[in-house]
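In: Fold the following, please.
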Amino acid sequence: MLYIFVNNLKFSDMWQSKIFTLISGMIGGLIFAPTFFLPGLLTLSLLCYQIRQAETVGQAAKIGFIYGFGHFLVNMYWITFGVAVYIDQFWWLLPFSLFGFPLILAPFISLACGLSWRRKNSSNYHLIFSISWIFFEWLRSWIFTGLPWNLLGYSLSFSTLTIQPSSVVGIYGLSFIVIYTFSSLSFLFSKEYSKFYISSICSIVICSVALIFSYIKLENNPTVFSNITARLVQPSIPQIAKWDEQSFWQNLDTHIALSTSPGKADLIIWSEAAVVAPFEFPPLKNKILAMLAVTDNILITGGINESNTTNKELEIYSSMYATRKEGDILFEYFKSHLVPFGEYVPFKNFFPIKKITAGFLDYSPGKAKIVDLPQLNLSIRPLICYESIFPQLALTPNTKANLIVNVTNDAWYGNSSGPYQHFQISRLRAVENGLPLLRVANNGISAVIDPVGRIVQKLSLNKVGVIDSLIPIRLNKPTLYSKFGNANVIVLILVVLIIQSIGNYGKKKLFYGL
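Out: Numbers count the residues shown, from 1 in each chain. Below is the predicted model:
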C-alpha cells in the first residue's frame, strides 16, 4: 500500500507532498530513546527516493529541509523543558526553543539532500546519499561549537549487541551503517531491482559482519570488576531548588544522608553542580569533611569554582574535583565545552541577554584532560554533562585512562525524552573507548556501564537513591576507534564502495554476456 501511495504521489511543490515529507520526518524522529520506533528508519528510503524525483537542486534541498524540520521537531522538543524551568524570565524563548532548533538543524539534512541530488543519475547515488548524510552529521558535531545530538547511529542503542561496532568505527560509522542499510529500499520505489539487489547484498554483508563481530566481542569480554567500590548518589533535587538559597543546606544534607546510608564504598560520586558554592567556603567545607571523616573515603563531586587574580576579572567554572577527609584537593577539572546560551552567551555584543543558568556571569572554559587518583589507582577521563555528546572529548588514544566519570544534571528536562537520549549517548562513549563509565545524575539516569556498554546497575529517572557497585575493569587492549578515530569510517565507506563496485561489474558482465 505504501509502495502504491508513494509512486502515485508527485513530489513537486504541492502541499500534499510537503505534508507527507513533514510527517515522514516526524516519524523518523521517533527512532531514538526512549521510543526506539525502528520502523521510522524506513523513512530514510522515502527521503532517498524523493530526492531523486526532485526536478531541481532547490527542490531537493527543500524536501530535505522539510524532512529535517519534522525530524528534529520530534526528537529535540525536550529543550523547551529546560527553558521552561525559569519560565517567568524566559517565556519568550519557548517558541524559539521548540521551533528554532529544528530550523537551525534542518539545513544540515537539506544540504546533504541537495548535494546528493547532483549525483542522482550516478550508479553510486545511494552510496553518495549515505556519505553526504554522514558528512553533515560530522559537520554538525563541531560547527558553531557543535551539537552532535541524536546522530542516526544512536537509534541502535536499544541493544548492547548492535552498538558494538562503534568500538571500531565510532558513532559516525554506526550512522553510516544505518543510513546505507535503511535507505537501500529506495530502489524498490523506483523499480530499479538490480540496484536494490546490489545495495541489499552490501547491506547484508555489512550487518552480518557487524553482528558476528558484536556477538564474538560480547562473548569474549564478560564484565570483570576491580576491587574498588563506588557509590553513585542520585538525589533527584528539582531544578528550581538547585540554586535556591533557602534550599542550599537542605540539598547538601540530602547528598550527605544518601552518602552515609548503610554500606561501604571507597569512592563517593556526586552529580554536576552538586555543590553550588566554592569548596573553600568554610561552613560548606567543614560539613563535607565531617561526612568524609565518618565514611573514610574519597569524594568526587561536580561543583562551582572561581578565580580572581590581579590581572583578571572574576571567572567562574563548572568543575569536577576530588577531596578526602584531610581536605586537600586530589584533582580538579574545569568543564571544557560549555553549553551556548545555557552556560555562556556567544557574541554577547549581539545577544544582550543573560545565560539561562543561574547567575549573571558567564562560565569560563577549561581544558580537556585526564586526571589521576593514585590513591585508588584510577586514571579518569572526566566529562561534565553536555561534554559526553562529543566523541572527540572522550577519546583516550595512547593514554593510561581506565575510567570515564560523567557527572550530569538532567533535572532540567523533566519527564521528557531528553534524559533517556542523553543516557544512551553517554553510554556509547564507553563502547567507543573500551572504558567503564560511571554516570551520576542529580536527576536523570545514573548507571554503572562496563567497557562494552552493558548496564551493570541503573537508577531510573526521578528515583532517589544510591548505586553501590564495584568498578568494572577496562578492556585489555585499546579499541580501534580510540586508536584511529574517524579514519575508520573512511575505511568502512571504501569497503562498501569496493563491494558495490564488484556488484556493478558483475551486473554488467551478466548483461553483456561476457
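
In: For the nearest residue to residue 33 once chain neighbours are set aside, what are phi and psi?
Out: The shortest distance from residue 33 to any non-neighbouring residue, by Cβ to Cβ, 6 or more residues apart in numbering, is to residue 420 (4.0 Å). The C-beta positions use only the backbone N, C-alpha and C, and glycine is treated the same way. Taking degrees, to the nearest 10, you get phi -70, psi -40 for the backbone angles of residue 420.

In: Count the neighbours of residue 420 for me.
Out: Using other Cβ atoms under 10 Å, residue 420 is surrounded by 23 other residues.

In: can you offset everything so residue one is 33?
Out: Okay, using 33 as the starting number, the last item reads as residue 452.

In: any idea how far it is from residue 488?
Out: Taking Cβ to Cβ, to the nearest Å as the measure, residue 452 falls 18 Å from residue 488.

In: Test for you: state the pLDDT assigned to the residue nearest to residue 65.
Out: pLDDT, residue 452: 98.

In: so where do the strands sit in the stretch 383-532 of the chain?
Out: Applying DSSP state E, counting those that start in this stretch to the stretch 383-532 of the chain gives strands spanning 403-405, 410-416, 435-440, 469-473, 478-481, 487-491, 497-504.

In: Throw those strands into TSV and include mean pLDDT, thanks.
Out: TSV is the format used below for the strands of the stretch 383-532 of the chain (pLDDT from 0 to 100):
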stretch	mean pLDDT
strand 403-405	96
strand 410-416	97
strand 435-440	98
strand 469-473	98
strand 478-481	98
strand 487-491	98
strand 497-504	98
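
In: mind giving me TSV with the ones you listed and columns for mean neighbour count?
Out: Formatted as TSV, these follow (neighbours: other Cβ atoms under 10 Å):
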stretch	mean neighbour count
strand 403-405	17
strand 410-416	25
strand 435-440	28
strand 469-473	29
strand 478-481	27
strand 487-491	17
strand 497-504	20
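
In: closest to residue 130 out of those strands?
Out: Nearest to residue 130, of all the strands of the stretch 383-532 of the chain, is strand 435-440, at 22.8 Å by Cβ to Cβ.

In: Let me see the backbone angles for residue 274.
Out: According to degrees, to the nearest 10, residue 274 has phi -60, psi -40.

In: can you give me the helices for the stretch 433-546 of the chain?
Out: 450-465, 512-516, 519-544 (DSSP state H, counting those that start in this stretch).

In: Sorry, wrong one. I was asking about the stretch 83-232 of the chain.
Out: Taking DSSP H, counting those that start in this stretch as the criterion, the stretch 83-232 of the chain carries its helices at 89-107, 111-116, 119-122, 126-127, 133-149, 157-172, 198-215, 218-221, 225-252.

In: Give me whichever of these is most buried.
Out: Mean neighbour count (mean count of other Cβ atoms under 10 Å) peaks for helix 198-215 among the helices of the stretch 83-232 of the chain, with a mean of 26.

In: Let me see the domain layout of this structure.
Out: 34-252+517-544, 258-506 (automatic domain parsing).

In: so where's the stretch 283-432 of the chain shaky on pLDDT?
Out: Low-confidence segments of the stretch 283-432 of the chain (pLDDT under 70): 340-344, 430.

In: now swap in the stretch 33-182 of the chain and tell me
Out: Under the criterion pLDDT under 70, the flagged ranges of the stretch 33-182 of the chain are 33-45.

In: how about residue 125, what does it touch?
Out: Listed by Cβ atoms under 8 Å, 6 or more residues apart in numbering, the contact partners of residue 125 are 115, 388.

In: Look up how far residue 133 lies from it.
Out: Distance, residue 125 to residue 133, by Cβ to Cβ: 11 Å.

In: Equivalent analysis for residue 96, please.
Out: Plainly put, residue 96 is 17 Å away from residue 133 if you go by Cβ to Cβ.

In: got it, and residue 282?
Out: Distance, residue 282 to residue 133, using Cβ to Cβ: 34 Å.

In: beta partners for the nearest residue to residue 297 once chain neighbours are set aside?
Out: Spatially, and ignoring its direct neighbours in sequence, residue 297 is nearest to residue 263 (3.7 Å; Cβ to Cβ, 6+ apart). Judged by DSSP bridges, the bridge partners of residue 263 are residue 300, residue 500.

In: wait, residue 263 sits on residue 292?
Out: No - using Cβ atoms under 8 Å, residue 263 is not in contact with residue 292, being 9.8 Å away.

In: Who has more neighbours out of the two?
Out: residue 263 (24 against 14).

In: What is the burial count for the closest residue to residue 271 other than its chain neighbours?
Out: Excluding its sequence neighbours, the residue lying closest to residue 271 (Cβ to Cβ, 6+ apart) is residue 443, at 4.2 Å. Neighbour count for residue 443, taken as other Cβ under 10 Å: 26.

In: try residue 394
Out: 17.

In: Next up, the contacts around it.
Out: Residue 394 touches 375-377, 380, 387, counting by Cβ under 8 Å, 6+ apart.

In: now residue 65
Out: Counting by Cβ under 8 Å, 6+ apart, residue 65 makes contact with 186, 189-190, 449, 452-453, 455-456.

In: Residue 237 now?
Out: residue 531.

In: With respect to residue 525, which of the contacts of residue 65 is nearest?
Out: Taking Cβ to Cβ as the measure, residue 525 sits nearest to residue 186 out of the contacts of residue 65, at 19.5 Å.

In: Could you look up the SS state of residue 261?
Out: Three-state secondary structure (criterion: DSSP: H, G, I helix; E, B strand; the rest coil) places residue 261 in strand.

In: For the closest residue in space to it that isn't next to it in sequence, grab the count of nearby residues.
Out: In space, and not counting its chain neighbours, residue 261 is closest to residue 297: 4.7 Å by Cβ to Cβ, 6+ apart. For residue 297, the tally of surrounding residues (other Cβ under 10 Å) stands at 22.

In: what's the helix or strand for residue 297?
Out: Assigned by DSSP states H and E, residue 297 falls within no helix or strand.

In: ok, residue 129 - contacts?
Out: By Cβ under 8 Å, 6+ apart, residue 129 lies in contact with 111-112, 114-115.

In: so which of these comes closest to residue 154?
Out: Of the contacts of residue 129, the one sitting nearest to residue 154 (Cβ to Cβ) turns out to be residue 111, at 37.7 Å.

In: Out of the strands of the stretch 383-532 of the chain, which gets nearest to residue 50?
Out: Among the strands of the stretch 383-532 of the chain, if distance is taken as Cβ to Cβ, the winner is strand 435-440, at 38.0 Å.

In: what about dumping the CA coordinates of the closest one to PDB?
Out: Taking C-alpha atoms only, strand 435-440 is exported to PDB below (Å, rounded to 0.1, in the frame of the first residue of the first chain):
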ATOM      1  CA  LEU A 435      37.600   5.000  33.700                       C
ATOM      2  CA  ILE A 436      35.200   7.600  32.400                       C
ATOM      3  CA  VAL A 437      33.300   9.600  35.000                       C
ATOM      4  CA  ASN A 438      30.300  11.600  33.700                       C
ATOM      5  CA  VAL A 439      28.500  13.800  36.100                       C
ATOM      6  CA  THR A 440      25.400  15.500  34.800                       C
END
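
In: That one: how far from the chain's middle?
Out: Mean-position distance between strand 435-440 and its chain equals 13 Å (Cα atoms, centre = their mean, to the nearest Å).
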